[in-house]
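Asker: Below are the sequence and a predicted model; questions follow.
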Amino acid sequence: MKDIDNLCMNCFKELRDGAECQECGYDNDTEPNTMYLAPKTIIADKYVVGAVQEHESDAVSYSGYDLQLDKKIVIREFYPKGISSRLEGSAEIHVRQKYTGEVEKYKKSFYKLWTTLEKLHSLSAVVPVYDVFEENETVYAIIEHVECIPLREYLLRAENGYIPWDNARLMFMPVLTTLENLHANGIIHGSITPDSLVLCRDGKVRLRPFTIQEACDITSALDFNFCDGYTAIEQYENNHKMCPATDIYAFSACIYRALAGTNPPSAPSREANDKLMIPNSIAETIPMHVIKTIGNGMQIYPEKRIKSITEYREYLDAAPAVIAKAANDEPEYVEEEEYRDPNKAKNVKQRVIISILVVLIVAAIGAGIYIVQFTDLIKKPETTVATTQAVDYEVPDFVTNGYTQADVENNGAWNEQFAITFEFEYSSDVEEGIIFKQSVPAGESVPMASDIVLTVSRGIQTETIPDLSNKPIDEAKKTLEDLGFKVSSVEVYNDGTHTPKTVKATYGSAPAAGEEAAVGDEVILQVYGEVQTTTQPTTEDND
């Protein structure tokens, strides 16, 4: 067993010269944040807690060390971000009173998720989990440490920012077996992105540590764990529910990113304009069945997508049975409206062949852009007629469709028709980056080049928690309340060197000084109590 006093708390290599690690550069004299377990804390009598890696929606991840197996690990602690904290001197997590009921449910979900993953540790695309236990009134998962880089970083290092299908196929296909098993065991990953898919040194592509399903749903009390372009529409507030097709959407979006070199647009923006654009020079190198599979995997609404990983794999592999089904049967993933024309319904096979030929012709003669329309899969291009007549243009509804600034800036037609500028305001009701006001009402007709001002949400207004060290409690409370925060306090031990009723000198608040917090949130102050004195009892003589 190694002497942990001489180990770096980040990489767990032996320190050779002072506190700064020669291997990873981590300064082991860094003052720990009391919001987290202190480095060198031992849990379950065998796991050493190291430096904090990241704090996500439902949990914090630490570097760790297994004393029995003598190897580096990852420790994941259930610690709901934003609705819980840890006070100095206590290993237990403090949950805000209004969230105690929800947090208990989340804790059970966390335990169930990681115990299930522990049983499935042999799956090739899951980083193995080999212990789950309860301690400190919370839950811990012990995960193997693997050397890896995110898919996003790998693609950025690629010469053109994307990779050919032959390479992508080798990377992505093995992940499908893992997803199939996870879905069979009731686990929806809910956050598959180019950051959560990682390439490991052993050549395997794996999914990074999971979050509980509630963290991937905007309606829960947890921070919404989302990624524009990869988060499916059902994870936003609507009448659709998360299901295996949620992961199929995100997985398809990752393939799109790998092949096209750009992120797909966000799901809310695609409700109004369900098109993805691939440069023609790239599109013509992607097999047609792969393009169709991505399209069907990224249908906006889950009921229109491919329903299972088994079916998805068959489409991506272009299995003969699937080709025959596409030619002779009505595909489940195509909108019903496409089959209401009785002339088309007479010969589905002929329609499919003609559609593919049209796409190939467009790809051959197009001016550098290949358009894939997913509401109708592959449609014949519309014919446009040039006109020299002065016309008015109808103003689109930029607000209710959930457009972002990028969506508008990337729409060539809108920018030719209108002179669009942007303003930015805080909003407690509208997600950051979404347009929520427009200066000209939707549906109004205006002359070409008319000015339109679009207001983009800055999200919830935040303020930086000030440093209130050693401030009197009344002054500190007023400072925070003036910033719009709610304030509560807890008393901490005073060894006699501090003024009573002043804020603790270090880590005196949760959230800590310097952190950003939403206006209206609660800030907990740790306040020195009165100095404790000991009085010796008097002894009376009984003569």
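Answerer: Okay, I see it.

Asker: those helices in the stretch 351-500 of the chain, which residues are they?
Answerer: Using DSSP state H, counting those that start in this stretch, the helices assigned to the stretch 351-500 of the chain run over residues 405-409, 412-417, 473-482.

Asker: pretty sure N160 contacts L259?
Answerer: No - using CB atoms under 8 Å, N160 is not in contact with L259, being 11.0 Å away. The C-beta positions use only the backbone N, C-alpha and C, and glycine is treated the same way.

Asker: Of all the helices of the stretch 351-500 of the chain, which one is nearest I149?
Answerer: With CB to CB as the criterion, I149 lies closest to helix 405-409 of the helices of the stretch 351-500 of the chain, at 26.2 Å.

Asker: N160 and L259: which has the busier surroundings?
Answerer: L259 (23 against 10; other CB atoms under 10 Å).

Asker: Keeping just the C-alphas, turn the helix or strand harbouring the more buried one into CSV.
Answerer: In this structure, L259 is located in helix 244-260 according to DSSP states H and E. What follows is helix 244-260 as a C-alpha-only set of coordinates in CSV (Å, rounded to 0.1, in the frame of the first residue of the first chain):
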residue,chain,number,x,y,z
PRO,A,244,-34.9,4.8,-26.5
ALA,A,245,-35.5,7.0,-29.6
THR,A,246,-34.0,9.9,-27.5
ASP,A,247,-30.6,8.2,-27.6
ILE,A,248,-31.1,7.4,-31.3
TYR,A,249,-31.6,11.1,-32.0
ALA,A,250,-28.4,12.1,-30.2
PHE,A,251,-26.4,9.2,-31.6
SER,A,252,-27.5,10.2,-35.2
ALA,A,253,-26.5,13.8,-34.4
CYS,A,254,-23.0,12.6,-33.4
ILE,A,255,-22.7,10.7,-36.7
TYR,A,256,-23.8,13.8,-38.6
ARG,A,257,-21.1,15.8,-36.8
ALA,A,258,-18.5,13.3,-37.6
LEU,A,259,-19.4,13.1,-41.3
ALA,A,260,-20.4,16.7,-42.0
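
Asker: ok, then the element right after that helix?
Answerer: Downstream of helix 244-260, the first helix or strand assigned by DSSP H and E is helix 267-270.

Asker: Name the residues of the helix holding L259 that come out as buried.
Answerer: 244-260 (16 or more other CB atoms under 10 Å).

Asker: same deal with stretch 152-159?
Answerer: 152, 154-155.

Asker: ok so, going back, need the helices of the stretch 351-500 of the chain in a markdown table with distance to E14 and mean pLDDT, can you?
Answerer: Formatted as a markdown table, the helices of the stretch 351-500 of the chain follow (distance: least, CB to CB, whole Å; pLDDT from 0 to 100):
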| stretch | distance to E14 | mean pLDDT |
| --- | --- | --- |
| helix 405-409 | 48 | 83 |
| helix 412-417 | 59 | 83 |
| helix 473-482 | 43 | 93 |
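
Asker: possible to save these as JSON lines with distance to S427?
Answerer: JSON lines is the format used below for these (distance: least, CB to CB, whole Å):
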{"stretch": "helix 405-409", "distance to S427": "14"}
{"stretch": "helix 412-417", "distance to S427": "22"}
{"stretch": "helix 473-482", "distance to S427": "22"}
